[in-house]
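Novice: here are the coordinates; sequence isn't available:
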């Protein structure tokens, strides 16, 4: 049932407006607010326009008039839905992520209103839209395959593992480069700090497996990780436990090679392999290991030679192995919580 704001006292209406706008700034969508408060969608955008033009004081129901907003309710609604519901590529823009400059461009093109970067950032904040690191998904990913995995395939694997008293591991491979850097450092304003490193570049490849109970296994490889190295890792993984291993991996060709199939046949009483939906790395908890290593480990060091790099990677991954709570934390991300 929709609330008739005209029948509310000024005090009640003012309180309603401020609570609605505050919740939008906390990240709730205007659509959700309209259902929660029982108000029309046009009403909530009118309140947003008032707030944008005069701040919290403009929401006082006893006040009338004032400077008209450049972006009225209809325009604010368009901005919100464009940024939240659309990808810039859909508007034939050259970049896949929204930037303040790009949003200012589409507003000017649509309404003929020029806004500075600061004004755009303030506008987005008032709409409850914040800059966030996106989760990348391949356009080849099939949503129906992901739904099938989450609803049917993985629950079936879990039930099988429980029945056979086995362990479910998620495995993945990654390459680590010496010139990968992460994080920030403090410096005088206007003076970009410089971290001096060797001009040489070198890399190592790593394969690992995690489970939701905090177990972690890894192997550092010099050179590429093909079928031979994968077979070696599988043998190590199986020998590290007396339980049946249910190993979940992506569809990399090495995982489906003849050598791996032959090994799995030989070890069929100890291990079974399953495959994630195509182009769905976000469903693999082991991906979080590489994020952790690159952002909190090797990405914060000055690496001078390959041997040092190997030692640093090994030391970091051993710390992970000895911290079950850290491994279990990899399963708390919303995209992999299904496996926890």
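Specialist: Nice, I can see it. Keep in mind it's a predicted model, so treat the numbers as computed, not measured.

Novice: other residues contacting the helix or strand that contains residue 328?
Specialist: Taking DSSP states H and E as the criterion, the element that holds residue 328 is helix 324-329. The contact list for helix 324-329, computed with C-beta atoms under 8 Å, 6 or more residues apart in numbering, reads 210, 211, 212, 213, 214, 215, 216, 292, 319, 320, 321, 340. (Glycine included, C-beta is placed from N, CA and C.)

Novice: what does stretch 70-80 give?
Specialist: Applying C-beta under 8 Å, 6+ apart, the external contacts of stretch 70-80 come out as 30, 41-42, 45-46, 48-49, 52-53, 103, 107, 110-111, 113, 123, 127, 129.

Novice: now go through these and say which are in helices.
Specialist: Among these, the members found in helices (DSSP state H) are 30, 41-42, 45-46, 48-49, 52-53, 103, 107, 110-111, 123.

Novice: low-scoring stretches of the stretch 201-340 of the chain, by residue?
Specialist: Confidence mapping of the stretch 201-340 of the chain against pLDDT under 70 gives the ranges 201-202, 299-304.

Novice: now do the strands in it.
Specialist: Remark: strands of the stretch 201-340 of the chain, listed N- to C-terminal, are 203-210, 216-221, 245-249, 271-275; assignment by DSSP state E, counting those that start in this stretch.

Novice: indicate which one of these is closest to residue 35.
Specialist: Ranking the strands of the stretch 201-340 of the chain by their distance to residue 35 (criterion: C-beta to C-beta) puts strand 245-249 first, at 38.5 Å.

Novice: residues in contact with that closest one?
Specialist: Counting by C-beta under 8 Å, 6+ apart, 157, 160-161, 166-172, 209, 234, 237-238, 255, 270-276, 284 sit against strand 245-249.

Novice: and the angle from that strand to strand 271-275?
Specialist: When axes from the mean of the first three to the mean of the last three C-alpha atoms, to 10 degrees is applied, the directions of strand 245-249 and strand 271-275 differ by 20 degrees.

Novice: show me how far strand 245-249 is from its chain's centre.
Specialist: The chain centroid and the centroid of strand 245-249 are separated by 23 Å under C-alpha atoms, centre = their mean, to the nearest Å.

Novice: that one to strand 203-210, inter-axis angle?
Specialist: Using the same axes, to 10 degrees, one finds that strand 245-249 and strand 203-210 are set 130 degrees apart in direction.

Novice: buried set for strand 245-249?
Specialist: Under the neighbour-count criterion of 16 or more other C-beta atoms under 10 Å, strand 245-249 has 245, 246, 247, 248, 249 buried.

Novice: again with stretch 24-31
Specialist: When burial is assessed from 16+ other C-beta under 10 Å, stretch 24-31 yields the following buried residues: 24, 29, 30.

Novice: which helices and strands does whatever helix or strand the first one lives in pack with?
Specialist: When elements are assigned from DSSP H and E, residue 24 belongs to helix 10-25. In this structure, helix 10-25 makes packing contacts with helix 30-37, helix 41-54, helix 117-126, judged by 3 or more C-beta pairs under 8 Å, 6 or more residues apart in numbering; DSSP states H and E.

Novice: can you list the neighbours in contact with the helix or strand just after the last one?
Specialist: What it means is helix 117-126. Using DSSP H and E, the helix or strand that directly follows helix 117-126 along the chain is helix 143-148. For helix 143-148, the surrounding residues in contact (C-beta under 8 Å, 6+ apart) are 277, 278, 280, 283.

Novice: hang on, the earlier thing: TSV for the helices and strands packed on helix 10-25, including mean pLDDT and distance to residue 266?
Specialist: Rendered in TSV, the data for these read as follows (pLDDT from 0 to 100; distance: least, C-beta to C-beta, whole Å):
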stretch	mean pLDDT	distance to residue 266
helix 30-37	83	55
helix 41-54	85	63
helix 117-126	87	57
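
Novice: out of these, which one sits most buried?
Specialist: Of all those, helix 41-54 has the most neighbours on average by mean count of other C-beta atoms under 10 Å, namely a mean of 20.

Novice: by how many degrees do it and helix 117-126 diverge?
Specialist: Computed by the same axes, to 10 degrees, the angle separating helix 41-54 from helix 117-126 equals 140 degrees.

Novice: helices or strands next to helix 41-54 in the packing?
Specialist: On a contact count with 3+ C-beta pairs under 8 Å, 6+ apart, helix 41-54 meets helix 10-25, helix 30-37, helix 73-85, helix 117-126.
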